[in-house]
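Visitor: The following comprises the amino acid sequence and a computationally predicted model.
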4 protein chains.
Amino acid sequence: MTAIDQMLTTHPKAASIEAADVLARCIEACIECAQTCTACADACLSEDMVAELVTCITKNANCADICTATGAVLSRQTTVDVEVVRAVVEACRTACAACAQECEQHADMHEHCRVCAEACRRCEQACNDLLAAL
Amino acid sequence: MTAIDQMLTTHPKAASIEAADVLARCIEACIECAQTCTACADACLSEDMVAELVTCITKNANCADICTATGAVLSRQTTVDVEVVRAVVEACRTACAACAQECEQHADMHEHCRVCAEACRRCEQACNDLLAAL
Amino acid sequence: MTAIDQMLTTHPKAASIEAADVLARCIEACIECAQTCTACADACLSEDMVAELVTCITKNANCADICTATGAVLSRQTTVDVEVVRAVVEACRTACAACAQECEQHADMHEHCRVCAEACRRCEQACNDLLAAL
Amino acid sequence: MTAIDQMLTTHPKAASIEAADVLARCIEACIECAQTCTACADACLSEDMVAELVTCITKNANCADICTATGAVLSRQTTVDVEVVRAVVEACRTACAACAQECEQHADMHEHCRVCAEACRRCEQACNDLLAAL
């Protein structure tokens, strides 16, 4: 049981175990993806061919910022505004898909892009699962 | 001319003056709204009637996080992924409208909610203007 | 092996395995603590006795923001400015200790404060370990 | 009177006008510097000589993250933990000085680095002023 699960289950307005699990997996994926994207942007900057990776770096940075915000919004259960949650999770899914698509193009050449693409795809899927449960 | 305008006009891929202005106003509104919402959440926490303001505090915190992410994404012009921009600006508009609506209910009693509601409405409008120009 | 470890070991300027491990544990602790603090602030807002928890909520929010920034800075290895790293990790350690101390006072009554205090102490320790290795 | 000033003066625990002004100028400088650094990192990515600007981009990104966190912490007045405030403002000053020094080396060639260096120096000064007033 991760700290995310513990925080959700000890919340005064704890969701049902099933709903909490979909939510926990999405929060987890968002913060993992945010870190991976920040690290991938930086790893790209250290490559000799950095000039060919500027699109990847920009998409990484955008995805990191949106994932961080989404993970924070999803961590707040006192008042859940479904419209806001839906909009930010949709933005997160869009950013993850765009970043994954870009990183996948460099995955053969750069291991960090491969790892990052996988984290983006996991987060995209976790957003889809959460949207389906809303 | 603000630092935001200067950064947009000195960017190697500078947009047309007209497009840059709509963009600059939206970035400006996002970062103003993020700060105002963080400050309003905190001011609400200092009110005697804090228990009646927990929804306001939560919406403020969500709005602040989404506005900060949106302002950062809009500041990146190297590669503009219109789909990602559209999704995050829509999320920002939704969060601003939700927060404004909540703050407006407390605006008569709390000046900080009045100031914050105005910043949220300005940001909502700036998001609308930018979405119309995409 | 977490995604954080994978990103550090696939970085073109990968640190030694030993240094990478101290770094990975600190990044991991920072992003876990940021999430836990955001969730704890929100859980406190849902408590009936919220008025007695406003200091806890404020310290949680500050700790979350500083941990998020620290986790991002530590994820960047292209150019490491030791002075900046040291200053931000010291700020992170200070914020974690302050938040832990506050949450520990409510740990008997609120499980979320107990879980959060533990995450803060883990992050404080990880910051200490990293500072010792700089 | 900016929205930042308005939020500080309408806060239930409003500081004295003089203290509020030093604080408002520092918050203002932090959020301006965060935006400028994000934009400068992105503008550097669009330069043909991006390979020579990777240190600048990394320092910009770190400075942006630390300034954003500092601006948020300073916006919270419900409970002010002077030790935490001091530590994060010191980290902010260190990051701004490091980023300014780097951007100044490219200021003759890149206007965005000149504008960004100025924003970093303003923020460094505002941090110094606030630290002197703590």
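Guide: Nice, I can see it.

Visitor: is it true that A:A61 touches B:R76?
Guide: Yes - using CB atoms under 8 Å as the test, A:A61 is close enough to B:R76 to be in contact (6.4 Å). To be clear about C-beta, it is placed using only N, CA and C from the backbone, and glycine gets the same treatment.

Visitor: Looking at these two, which is more packed in?
Guide: Using other CB atoms under 10 Å in any protein chain shown as the criterion, A:A61 and B:R76 rank with A:A61 on top: 28 against 24.

Visitor: Excluding chain neighbours, what is closest to that one?
Guide: A:A41 (5.3 Å; CB to CB, 6 or more residues apart in numbering or on different chains).

Visitor: And that neighbour, what's its pLDDT?
Guide: On pLDDT, A:A41 comes in at 98.

Visitor: And for the one 5 residues further on?
Guide: A:S46 carries a pLDDT score of 97 in this model.

Visitor: Could you count how many residues lie near it?
Guide: A:S46: 19 neighbours (other CB under 10 Å).

Visitor: give me every residue that touches the residue nearest to it when sequence neighbours are not counted.
Guide: Of all residues not flanking A:S46 in the chain, C:P12 sits nearest, at 4.0 Å (CB to CB, 6+ apart). Counting by CB atoms under 8 Å, 6 or more residues apart in numbering or on different chains, C:P12 touches A:43, A:46-47.

Visitor: how about 10 Å then?
Guide: With contact taken as CB atoms under 10 Å, 6 or more residues apart in numbering or on different chains, C:P12 is in contact with A:42-48, A:50, A:110-112, C:77-78.

Visitor: Pull the contacting residues for the residue nearest to A:R76 when sequence neighbours are not counted.
Guide: Spatially, and ignoring its direct neighbours in sequence, A:R76 is nearest to C:D42 (4.3 Å; CB to CB, 6+ apart). Counting by CB under 10 Å, 6+ apart, C:D42 touches A:7, A:11-13, A:72, A:75-79, B:54, B:57-58, B:61, C:57, C:60-61, C:112.

Visitor: one more time with 8 Å
Guide: A:11, A:75-78, B:58, B:61.

Visitor: Who wins on neighbours among those residues?
Guide: Result: A:S75 is most packed of the contacts of C:D42 (other CB under 10 Å), 30 neighbours.

Visitor: That residue contacts C:A39, correct?
Guide: Yes - using CB under 8 Å, A:S75 is in contact with C:A39, at 4.5 Å.

Visitor: So, low pLDDT: which residues of chain A?
Guide: Of all residues in chain A, none has pLDDT under 70.

Visitor: out of the contacts of C:D42, which are inside helices?
Guide: The members of the contacts of C:D42 that map onto helices under DSSP state H are B:58, B:61.

Visitor: Tell me the secondary structure at the most far-flung residue of chain A relative to its centre.
Guide: Note on chain A: the largest C-alpha distance from the chain mean falls to A:D48, namely 27.5 Å (CA atoms, centre = their mean). Taking DSSP: H, G, I helix; E, B strand; the rest coil as the rule, one finds A:D48 in the coil state.
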